[in-house]
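what's the 3D shape of this:
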Amino acid sequence: QVQLVESGGGSVQAGGSLRLSCAASEYTSSLKCMIWFRQAPGKEREAVAAIATVSGNIYYVDSVKGRFTISQDSAKNTVYLQMASLKPEDTATYYCAASIPGALCLKPAYWGQGTQVTVSS
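Predicted structure coming up:
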């Protein structure tokens, strides 16, 4: 069982920045993808960004392209989501997740507990 622990959420004004961190309990290179999802009240959960841990291939949902950056530090088994130019519509609970080899990248087997991001106008 892989444990994922997020940190770095909080409240910020529109236009501000936050960095989320996700620490994994085992080598991220043993996982297929590390993914950041978010879910706002009344909305479906969506994959915001993902990184393939070995190839480094990256995915972003269109709404965050140019504003969010996903990165990994393999030595620390940690993935980051740097969020800039935040908008009120970015307000959500953000979840770190991980998929395993043999599965689809965006279909995780493991989830973190979530961290709240609130952007005020």
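
quickly note the distance from the spatially most central residue of the chain to residue 102.
Central residue of the chain (Cα atoms, centre = their mean): residue 36, 2.2 Å from the mean position. Separation of residue 36 from residue 102 (Cβ to Cβ, to the nearest Å): 22 Å. Just so you know, the C-beta spots here come from the backbone N, C-alpha and C atoms, and that holds for glycine as well.

over to residue 18?
Taken as Cβ to Cβ, the span from residue 18 to residue 102 is 33 Å.

these two - which one has more neighbours?
The neighbour comparison of residue 18 against residue 102 (other Cβ atoms under 10 Å) goes to residue 18, with 20 against 7.

ok, what's across the strand from the more buried one?
residue 83 (DSSP bridges).

use 54 as the first number for this chain going forward.
Okay, residue one is now 54; in that scheme the one you just asked about reads as residue 71.
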